[in-house]
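1. Return atomic coordinates for the entry below.
(chains A and B)
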2 protein chains.
Amino acid sequence: MSDKQTIALDAMGGDFGPAETVGGAVMAAANGGVTILLVGDEAAIQQELNSRDSSNLPIRIVPSEGVIVESEHPARALISKPKSSIAVCAGLVKEGRADAFISMGSTGASMAASVLAMGLFPGLNRPTVGGPFIGLAPKTTIIDIGANIDSRPEQLLNFGALGASFQRFWLKIENPRVGLLSVGSEEGKGNKQVQEAFALFKASGLNFIGNIEGHDIFADKADVVVCDGFVGNVLLKYTEGLAEAAARFLASTLGPESPAVQQIKGFTSSAEHGAAPLFGVKGLAMVGHGSTQGEGIAKAIKLAQSCLSLDLVGHLREDLLAAQKRAGTAN
Amino acid sequence: MSDKQTIALDAMGGDFGPAETVGGAVMAAANGGVTILLVGDEAAIQQELNSRDSSNLPIRIVPSEGVIVESEHPARALISKPKSSIAVCAGLVKEGRADAFISMGSTGASMAASVLAMGLFPGLNRPTVGGPFIGLAPKTTIIDIGANIDSRPEQLLNFGALGASFQRFWLKIENPRVGLLSVGSEEGKGNKQVQEAFALFKASGLNFIGNIEGHDIFADKADVVVCDGFVGNVLLKYTEGLAEAAARFLASTLGPESPAVQQIKGFTSSAEHGAAPLFGVKGLAMVGHGSTQGEGIAKAIKLAQSCLSLDLVGHLREDLLAAQKRAGTAN
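-> Prediction:
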């Protein structure tokens, strides 16, 4: 089955474009089990392919015109650039020519393109993004990390159900513990959003452990930490900034060669998998950080292959619907 | 002037009660410039005083009955325990027998007692709590850190004005840069609360630098980081948890004696001042972490002495009103 997987990669996405995306595609293709469609500027991609040993690999170029960048309004940019690399990627999945797409480009554009091309599960307004990002809590999924702001309680439930499903099928955690990030552990603590979501989680059939606080993330209390995208995004960027600042600080006091400096770089920020699925989309779309380089891109492709083999999207849909039905939020 | 300062200390507050509060009071009194009223169980306090060299120090005991603990509902507990140590402390300020009070006990009870005894500045629903808590950004005040949840945009403005006033008079930063914590730097990014607050901040006359993101806290972009108490409290506890987890991790890989382990304990969490003022109260009330011990308590008393000498409360009131008037949120 895995032999037939075809993955579209936005070759123009990310901070480096084809220089890194093509390298990642070549690594992934060499590992086998996948055909990669490199979507982007044909000449630029071909040049990168020529500079690598790629002649016998299952890699094909699908030409596109233009790139959507992070600063553009995603929906408007998709309309004005219908042949852009991300639009073509999503179209390939829609037409059944690819099983999944991956982009390191504008997350907003990937989200909009995936919704247009594939649609969303019932009850969702937008895809949700999350995953482990803390090196010191490498198996803890934080969800949502910025895609959904001002979420209704029903949406928090969706994040929890999708996050738990991901943990179950990706990290093989049988009954993932789901916690609501709040400012106190007792029921009733938190903002209105969390207070109202609490009741939905209790009814959801998820392994809901109640509210957890910021420090509990490091105490292995929950496998899935549910929060509004505003809070998750602040935490994500705070963690990145802290890791950098801590490494600089230790380098200045202990010397740049100190083992502590090397270790600290890894333990607050984690991009182990290169990219994360857009949860809630009726198909597999994955996004990664713009700074992801060749090896990270190869990892993202490998993750996409695994998600396809596991039928992650089918499981997500099933688990989401089950939680919505129990909580009474199903449409 | 400073000779006449009288500070009431909740001797029963905190994790250790008189064993640590009395020690802190003795240290602070020995430094001079202050009379300390130790409020609590007379016998327990006297016993601690007897075990220390305190005979000639300006310390007096004010008896109280009962203690309000963190798990109690603050307002209800104040009604059922009107002679509790925190209620007596606030009463001493109300009656003019003390210039300020300090407690390491229930923050909620301190807030409620201070509001009952002293009242709030116009436009506030509750006191706000904030200050520097990140060792790697030791001069950056984060406000609010848990007292105000689901704050209206007008309240965020109050946090910013009070935080800036504190930075000006405490850290001597002439024109503190105030940033709104959000998920993107451009105006319009963020949740509704932040989007609406943005316009108020622009009109406020504060040195408003716009939205900042989580990583900007470590890049010295703002002196005051404004956020809802939900977000601030999550960040505060996340930072505490991270510091502990990082120290454990480095101890396990580099050995517990490694200098990195010692340094990391200091650089993500900072309780340099022992306690923080409750901003917005028409008088000086200070709260500290329950785990604060003698030295921290002495520091808190010293901070209170400085705040009184600087007339911090008068400056806070003036600066708050000025910002509210400019932003059009004054009552």
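
2. Break chain A down into its domains, please.
-> Domains of chain A are assigned by automatic domain parsing as A:2-125+A:272-311, A:133-269.

3. can you tell which of the ones you listed is closest to residue B:285?
-> domain A:133-269 (20.9 Å; CB to CB). Using the backbone N, CA and C atoms, a C-beta is placed for each residue, glycine as well.

4. How far does that closest one sit from its chain's centre?
-> Its chain's C-alpha centre and that of domain A:133-269 lie 14 Å apart, by CA atoms, centre = their mean, to the nearest Å.

5. hmm, back to that, take the domains of chain A and lay them out in JSON lines including distance to residue B:192 and mean neighbour count.
-> Listed next are these as JSON lines, based on distance: least, CB to CB, whole Å; neighbours: other CB atoms under 10 Å in any protein chain shown:
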{"stretch": "domain A:2-125+A:272-311", "distance to residue B:192": "15", "mean neighbour count": "21"}
{"stretch": "domain A:133-269", "distance to residue B:192": "6", "mean neighbour count": "21"}
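
6. now those domains as TSV including mean pLDDT?
-> Formatted as TSV, those follow (pLDDT from 0 to 100):
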stretch	mean pLDDT
domain A:2-125+A:272-311	94
domain A:133-269	92
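
7. Which of the ones you listed sits closest to chain B?
-> domain A:133-269 (3.0 Å; CB to the nearest CB).

8. Please look at residue A:217 and residue B:238 and confirm they touch.
-> Yes. With contact defined as CB atoms under 8 Å, residue A:217 counts as touching residue B:238 (6.5 Å).

9. ok so, going back, redo the domains of chain A as CSV? Include distance to residue B:197.
-> Output for the domains of chain A, formatted as CSV (distance: least, CB to CB, whole Å):
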stretch, distance to residue B:197
domain A:2-125+A:272-311, 23
domain A:133-269, 13
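
10. and residue B:207, which of those domains is closest to it?
-> domain A:133-269 (21.6 Å).

11. show me where chain A has helices.
-> A:18-31, A:42-50, A:74-80, A:85-94, A:107-118, A:153-170, A:192-203, A:229-254, A:259-267, A:294-309, A:312-327 (DSSP state H).

12. now residue A:130, which residues is it bridged with?
-> residue A:143 (DSSP bridges).

13. quick one: it and residue A:227, what's the gap?
-> Computed as CB to CB, to the nearest Å, the residue A:130 to residue A:227 distance reads 9 Å.

14. which residues do the two both contact?
-> Counting by CB atoms under 8 Å, 6 or more residues apart in numbering or on different chains, the residues touching both residue A:130 and residue A:227 are A:142, A:143, A:144, A:159.

15. Which of the residues you listed sits closest to residue B:296?
-> residue A:142 (32.1 Å).

16. List the residues that contact the closest one.
-> A:130, A:131, A:132, A:133, A:134, A:217, A:225, A:227, A:232, A:235, A:236.

17. Can you name the residues that contact the second one?
-> Same thing as residue A:131. Here residue A:131 is in contact with A:141, A:142, A:143, A:145, A:166, A:273, A:276 (CB under 8 Å, 6+ apart).

18. To residue B:248, which of the domains of chain A lies closest?
-> domain A:133-269 (8.8 Å).

19. right, and residue A:258 touches residue A:251 too?
-> Yes. Contact criterion CB under 8 Å: residue A:258 and residue A:251 qualify, at 7.1 Å.

20. which bits of the stretch 1-150 of chain A sit near chain B?
-> Neighbours of chain B within the stretch 1-150 of chain A, by CB under 8 Å from any CB of the partner chain: A:136, A:137, A:146, A:149, A:150.

21. at 7 Å instead, please
-> Applying CB under 7 Å from any CB of the partner chain, one finds that the stretch 1-150 of chain A approaches chain B through A:136, A:146, A:149, A:150.

22. With distance to residue B:33 added, can I get these in a markdown table?
-> Formatted as a markdown table, those follow (distance: CB to CB, whole Å):
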| residue | distance to residue B:33 |
| --- | --- |
| A:136 | 44 |
| A:146 | 50 |
| A:149 | 49 |
| A:150 | 49 |
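
23. any idea which of the residues you listed is the one closest to residue A:92?
-> Looking across these and measuring by CB to CB, the closest to residue A:92 is residue A:146, at 25.9 Å.

24. who touches that closest one in this structure?
-> A:129, A:229, A:232, A:233, A:236, B:183 (CB atoms under 7 Å, 6 or more residues apart in numbering or on different chains).

25. Then residue A:175?
-> Residue A:175 touches residue A:207, counting by CB under 7 Å, 6+ apart.

26. Equivalent analysis for residue A:117, please.
-> Residue A:117 neighbours (CB under 7 Å, 6+ apart): A:90, A:91, A:93, A:94.

27. same question, residue A:166
-> A:141, A:279.

28. ok, 10 Å please
-> Counting by CB atoms under 10 Å, 6 or more residues apart in numbering or on different chains, residue A:166 touches A:130-132, A:141, A:143, A:173, A:176, A:223-224, A:276-277, A:279, A:307, A:312, A:315-316, A:319.

29. which residues does the closest residue to residue A:285 other than its chain neighbours contact?
-> Spatial nearest neighbour of residue A:285, chain neighbours left out: residue A:114 (3.8 Å); criterion: CB to CB, 6 or more residues apart in numbering or on different chains. For residue A:114, the contact set (CB under 10 Å, 6+ apart) comprises A:86, A:89-90, A:93-94, A:101, A:103, A:120, A:127, A:277-278, A:280-287.

30. Ok, residue A:156 next?
-> Residue A:156 neighbours (CB under 10 Å, 6+ apart): A:128, A:143-144, A:148, A:180-181, A:193-194, A:196-198, A:200-201, A:226-228.

31. That concludes my questions; thank you for your assistance.
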